[in-house]
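Asker: pasting the sequence and the predicted model now:
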Amino acid sequence: MKFERFEDIIAWQKAQELALNIYEMFKSNEDFSFKDQIQRASISISSNIAEGFERKSTKSSNISALLQKEVQLKLEVYFIYLKNWIT
């Protein structure tokens with residue numbers, strides 16, 4: 001399937017939803033450093049998808065950057081769960 005715009009990519013749309021959910025979930029969290037980190041990680045997923053699309057490239061470095069952000073976000077979610085910020 002060929003996309004004309006990155007906004008048409010379902011993964012980008014889902015990443016945007018994830019970022020909005022993360023921002024909403026942590027908007028009143030008092031651990032400002034952690035809140036900033038998880039919010040930046042969540043938005044960078046959709047940013048990497050868009051940037052890769054605009055470069056019209058499927059280079060492994062683009063894929064690697066996405067996987068790295070996914071792992072970072074997973075680790076932060078595990079931490080959130082351990083801190084009982086979510087159940």
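Answerer: Noted; the coordinates are in hand.
Asker: so who does the residue nearest to the spatial centre of the chain touch?
Answerer: For the chain, the residue nearest the mean C-alpha position is Ser42 (2.8 Å; C-alpha atoms, centre = their mean). Neighbouring residues of Ser42 by C-beta atoms under 8 Å, 6 or more residues apart in numbering: Ala15, Leu18, Ala19, Ile22, Tyr23, Leu73. Any C-beta I mention is one placed from the backbone N, CA and C, and that applies to glycine too.
Asker: what's the answer for Phe53, then?
Answerer: Phe3, Phe6, Ile9, Trp12.
Asker: ok, of those residues, which come out buried?
Answerer: Phe6, Ile9, Trp12 (16 or more other C-beta atoms under 10 Å).
Asker: element containing the residue nearest to the centre of the chain?
Answerer: Element membership of Ser42, judged by DSSP states H and E, is helix 32-54.
Asker: quick one: buried residues of that helix?
Answerer: 34-35, 38-39, 41-50, 52-53.
Asker: between those residues, which is closest to Lys83?
Answerer: Closest approach to Lys83 among these (C-beta to C-beta): Phe34, at 8.7 Å.
Asker: pLDDT score for the closest one?
Answerer: Phe34 carries a pLDDT value of 87.
Asker: got the buried residues for stretch 13-26?
Answerer: Buried, per 16+ other C-beta under 10 Å, within stretch 13-26: Ala15, Gln16, Ala19, Ile22, Met25, Phe26.
Asker: which ones are touching the last one?
Answerer: With contact set as C-beta under 8 Å, 6+ apart, Phe26 has these partners: Lys35, Ile38, Gln39, Trp85.
Asker: same check, this time on Ala41
Answerer: Lys69, Gln72, Leu73, Glu76.
Asker: and if we set it to 10 Å?
Answerer: Contacts were defined as C-beta atoms under 10 Å, 6 or more residues apart in numbering; by that measure Ala41 touches Ala19, Ile22, Gln68, Lys69, Glu70, Val71, Gln72, Leu73, Lys74, Leu75, Glu76, Val77.
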